[in-house]
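Engineer: Next input, structure requested:
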Amino acid sequence: MNKKIIALAVAAAAFGTQASAVELYNNDGSTFSIGGHVTAAIQGSEENDPTVEAVSPRINFTATQDLGNGFTADARGEWAMNMLEGGDNTFTTRLGYIGVTHEDFGRAVAGTQWSPYYDIAGVADMPIAFANDFLYDNHGKLGTGRADKMVSYRNGVELGSVGLNFGLGWQGDNSEAFDANDTSAEMGTYGDRVQAAISADVAGFTAGYVYNTGTVNYWNIAGEKDATSHALSAKYGVYGNGLYVAAVYAMNEYMNIAAGSALEDTSAYEFVAAYALSNSLNLSVNYEGVENDADNLTVRSEMAIQAEYNFTNSFVGFAGYQIDLGDDYSKDDDKYSVGVRYYL
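Structural biologist: A predicted model of the protein is given here:
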């Protein structure tokens, strides 16, 4: 059993991924905490004037309960916040799940959650300003980032100095009635989806593979399609602590979106190299590309240079400049982002 992986899963459930989540209650094996962050930035590009934008702010509430016999239950609700404008959609759901974890038997989770696919393919999705966008083309229904209505299971074993981890995920039918007024590319009916992930850790290095498949009937593509992804990844180090290097390569069918439609055959890749100095300044460079292999067209090709600085554990400043290296779907448009993030 890879006890480190399970311990980290329970800690993340209790306190979130950031160290500054606040524990409000801890008594007799029960905890309750609040976390999240508020993030705002000045963003602009060559084609657009600068504006003040929210950068994925969210708030979450998490509870854990010691069930005895080595089992721990946890539940989380997380909502995206509309912090710049009023209106009916002030909060929208990001996560909502219940999980049970055991040191030997592993961890099972039901609800909207980060998927086993993301465990593998999300290793380069680290910088605040610009990161791994292709994972989010239609992530909820396809399970490539946060996965809607998923049941997942994770466990691991230690084989000497090697930690071997695996994860499984299942999403049932996620069908929607076609709406003539909704022409978003991801609109459609989704059959059962399954994914399986495996990774190995040794001496600070991790390599992983994940397979994701299931049927989709997109509103603007004739016939039922198998939306499938094979993703490979590798990483070294811990982001924000010295050297961190990570890369992802995915071979996809009907997963990525361009020009208002899911693409038949694509290759997607992301690379990030970062180095955090002892004064808490974290410098990084990343590259992302997506190729439409069926039509021999470039969907996305961009590189970003970024910096993040921890004024405190809870208050982070960041700046990034993304260089558009050219594609076949849009006009070149370099972008920039300068902002602050406050962890609750």
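Engineer: can you pull the pLDDT of the spatially most central residue of the chain?
Structural biologist: Residue closest to the mean C-alpha point of the chain, counted by C-alpha atoms, centre = their mean, is G145 at 4.3 Å. The model reports G145 with a pLDDT of 95.
Engineer: Enumerate every residue touching it.
Structural biologist: 114-115, 117-118, 122, 135-136, 139 (C-beta atoms under 8 Å, 6 or more residues apart in numbering). C-beta here means a position set from N, CA and C on the backbone, and glycine is covered the same way.
Engineer: Same check on K235?
Structural biologist: Counted by C-beta under 8 Å, 6+ apart, K235 has contacts 123-124, 205-206, 244-247.
Engineer: what do you get if the cut-off is 6 Å, keeping everything else the same?
Structural biologist: K235 makes contacts with 123, 206, 246, as judged by C-beta atoms under 6 Å, 6 or more residues apart in numbering.
Engineer: what do you get for E47?
Structural biologist: D333.
Engineer: how near is it to D334?
Structural biologist: E47 sits 9 Å away from D334, taking C-beta to C-beta, to the nearest Å as the criterion.
Engineer: Narrow the contacts of G145 to just the buried residues.
Structural biologist: 114-115, 117-118, 122, 135, 139 (16 or more other C-beta atoms under 10 Å).
Engineer: Need the max-distance pair from these.
Structural biologist: Within the buried ones among the contacts of G145, W114 and L135 form the most distant pair, 10.9 Å apart (C-beta to C-beta).
Engineer: Quick check: pLDDT value at the residue lying closest to A121 once chain neighbours are set aside.
Structural biologist: Nearest residue to A121 in three dimensions, chain neighbours excluded: A231, at 4.5 Å (C-beta to C-beta, 6 or more residues apart in numbering). Per-residue confidence (pLDDT) for A231: 98.
Engineer: What residues are bridge-paired with A231?
Structural biologist: V210, A250 (DSSP bridges).
Engineer: And for V100?
Structural biologist: Beta-bridge partners of V100, as defined by DSSP bridges: A73, A108.
Engineer: Then A197?
Structural biologist: Beta-bridge partners, per DSSP bridges, of A197: G167, V210.
Engineer: Would you map the helices across the stretch 51-200 of the chain?
Structural biologist: Ranges of helices in the stretch 51-200 of the chain, per DSSP state H, counting those that start in this stretch, are 116-121, 139-142.
Engineer: on that earlier part again, can you add pLDDT and distance to D173 and give the buried ones among the contacts of G145 back as TSV?
Structural biologist: Shown next, in TSV, are the buried ones among the contacts of G145 (pLDDT from 0 to 100; distance: C-beta to C-beta, whole Å):
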residue	pLDDT	distance to D173
W114	96	21
S115	97	17
Y117	97	19
Y118	97	22
G122	96	25
L135	95	23
H139	93	18
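Engineer: Closest one of those to Y153?
Structural biologist: Nearest to Y153 among the buried ones among the contacts of G145, with distances taken as C-beta to C-beta, is S115, at 11.7 Å.
Engineer: residues in contact with that closest one?
Structural biologist: 143, 147, 169 are the contacts of S115 under C-beta under 6 Å, 6+ apart.
Engineer: what's the distance between the spatially closest residue to the second one that is not a sequence neighbour and D125?
Structural biologist: Right, the one you point to is A147. With sequence-adjacent residues excluded and distances taken as C-beta to C-beta, 6+ apart, A147 is closest to S115, at 3.9 Å. Remark: distance between S115 and D125 (C-beta to C-beta) = 13 Å.
Engineer: same deal with F105?
Structural biologist: 29 Å.
Engineer: between the two, who's got more neighbours?
Structural biologist: D125 (20 against 14; other C-beta atoms under 10 Å).
Engineer: And for L24, the neighbour number?
Structural biologist: Applying other C-beta under 10 Å, I find that L24 has 11 neighbouring residues.
Engineer: Show the subsequent helix or strand relative to the helix or strand where it lies.
Structural biologist: Assigned by DSSP states H and E, L24 belongs to strand 22-27. Going down the chain from strand 22-27, the next helix or strand is strand 30-45, by DSSP H and E.
Engineer: Which other helices and strands does that following strand contact?
Structural biologist: strand 22-27, strand 51-54, strand 58-68, strand 335-343 (3 or more C-beta pairs under 6 Å, 6 or more residues apart in numbering; DSSP states H and E).
Engineer: List just the one of those strands that sits closest to L283.
Structural biologist: Between these, strand 335-343 lies closest to L283; by C-beta to C-beta that is 15.1 Å.
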